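>>> structure of the sequence below:
(one chain, ligands or ions: 1)
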Amino acid sequence: MEQSVKKQFEDYIKLIEQKLDEFLPVKYPQEIWESMRYSVLAGGKRLRPMLCLETCKVLSGSYEQAIPTACAIEMLHTQSLIHDDLPCMDNDDYRRGKLTNHKKFSESTAVLAGDALLSFAPQIIIQKTPDSVSKDKVLKVLEEFLISAGAEKLIAGQVVDIDSEGKQIDKETLNFIHENKTGALFKLSVRTGAILGNADEKTINALTMFAEKMGLAFQIMDDILDVTSTLEELGKTPGKDAKEQKVTYISFYGLEESKKQVASLCKAACDILEENNIKSEVLTGVVKSISERVC
Ligand code: GRG
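Predicted coordinates for the structure are as follows:
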């Protein structure tokens, strides 16, 4: 990655971490807030909030209006990870290079920390979005957020994923799982960034397609890394897909073809930006970071 893009990534990550820290106080009862903060502030690539901020900036010249939404999306993403790691779901001991929430605290605290993040995140959008953003827009952003978090998107993907364990599912079902589990939050990030950046319908649609390609590339790479990477590199347990008899892109296409698909989806994502005259080193940098991803 070019030095100038790397610097922009670092600046965004610093801002996102600072704002997440500021938006998530420790209140009474302390343990639940500590546990929410533990997972939210545990690092992570911060791709989704970065996409939201950069999309807003590219379209309107400023990202300030999108900071609360970007942080809320990262809280929602973290909630999905806390719950996904629970013994009743994917049952993992490590996440972001640290013990998972239920291992560090307790199972009941982890369930409640996820629930609490899910309801705290939209509060942040409502309370912290600057008054310069119209209430209509805040409402639109909230609608996008709540649809993505619920039974039409994230939870739909998770339910079909759990139901598919140990079964020979077809490609359509595999795509359904990942469009909803993974793709939905990438789409949410660019769509809300675009709404806050005053984009027209054509640009929102183009960015949605961009996120669709990027999200699929991200998931295929995730499947590849599950096979090729280590706990130290990944920050979570590798080899889980095979252990849980999950159908993945690798089991359908093999490793080499899957890598080709990542490259082709990343190119398609960048082409969409170019065709729509959306010029952003950061957006293309995120796509590049997915194709070169090691964690
Ligand atoms: C809403 C009750 C409820 C549960 C949600 C949807 C869901 C359960 C879990 C899905 C979580 C999951 C593991 C999705 C797959 C997407 C994925 C590979 C996420 C990891 O994203 P990274 O690599 O993580 O960007 P970091 O740690 O870098 O932020």
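>>> buried stuff in the biggest helix by length in the chain?
When every helix of the chain is counted residue by residue (DSSP state H), the longest turns out to be helix 201-228. For helix 201-228, a neighbour-count test (16 or more other C-beta atoms under 10 Å) marks 203-204, 206-226 as buried. (Each C-beta comes from the backbone N, C-alpha and C, glycine too.)
>>> now stretch 252-259
So stretch 252-259, judged by 16+ other C-beta under 10 Å, has buried residues 252-253, 258-259.
>>> what is the nearest of the residues you listed to the ligand?
Distance to the ligand, by C-beta to the nearest ligand atom, is smallest for Ser258 among the buried residues of stretch 252-259, at 14.7 Å.
>>> give me the secondary structure label for that closest one.
helix (DSSP: H, G, I helix; E, B strand; the rest coil).
>>> thought Pro68 was touching Ala121?
No - assessed by C-beta atoms under 8 Å, Pro68 is found out of contact with Ala121, at 9.4 Å.
>>> just flag the most distant two among the buried residues of stretch 252-259.
Farthest pair in the buried residues of stretch 252-259 (C-beta to C-beta) is Phe252 and Lys259. Separation: 13.5 Å.
>>> you'd agree Leu142 is in a strand?
No - assigned with three-state DSSP, Leu142 falls outside any strand and is helix.
>>> show me what contacts it?
Leu142 sits next to 122, 125-126 when contact means C-beta atoms under 8 Å, 6 or more residues apart in numbering.
>>> out of those residues, who has the most neighbours?
Ile125 (21 neighbours; other C-beta atoms under 10 Å).
>>> pretty sure that one sits against Phe145.
Yes - under the criterion of C-beta under 8 Å, Ile125 makes contact with Phe145 at 6.6 Å.
>>> list the residues that contact both of these two?
Common neighbours of Ile125 and Phe145 (criterion: C-beta under 8 Å, 6+ apart): 69, 72.
>>> count of neighbours near Gln168?
With other C-beta under 10 Å as criterion, Gln168 counts 9.
>>> then Asp11?
The number of residues near Asp11, taken as other C-beta under 10 Å, comes to 12.
>>> please tell me how far it sits from the ligand.
18 Å (C-beta to the nearest ligand atom, to the nearest Å).
>>> host element of that residue?
In the assignment (DSSP states H and E), Asp11 maps to helix 3-23.
>>> returning to that earlier point: near the ligand, from the buried residues of helix 201-228?
For the ligand, the contacts drawn from the buried residues of helix 201-228 by C-beta under 6 Å from any ligand atom are Asp222.
>>> you'd agree Gly285 is up against Gln3?
No - with contact defined as C-beta under 8 Å, Gly285 does not count as touching Gln3 (11.4 Å).
>>> quick one, which of these two is more surrounded?
Comparing Gly285 with Gln3 by neighbour count (other C-beta under 10 Å), the higher total belongs to Gly285, at 19 against 7.
>>> please tell me how far the closest residue to Glu275 other than its chain neighbours sits from Leu59.
Sequence neighbours aside, Ala206 is the residue nearest to Glu275 in space, at 7.5 Å (criterion: C-beta to C-beta, 6 or more residues apart in numbering). Separation of Ala206 from Leu59 (C-beta to C-beta, to the nearest Å): 11 Å.
>>> which residue ranges of the stretch 151-295 of the chain form helices?
In the stretch 151-295 of the chain, the helices defined using DSSP state H, counting those that start in this stretch lie at 154-164, 171-178, 184-196, 201-228, 231-234, 240-243, 249-253, 255-275, 281-291.
>>> re earlier: how much space between the residue nearest to Glu275 and Val190?
Taking C-beta to C-beta, one finds Ala206 at 10 Å from Val190.
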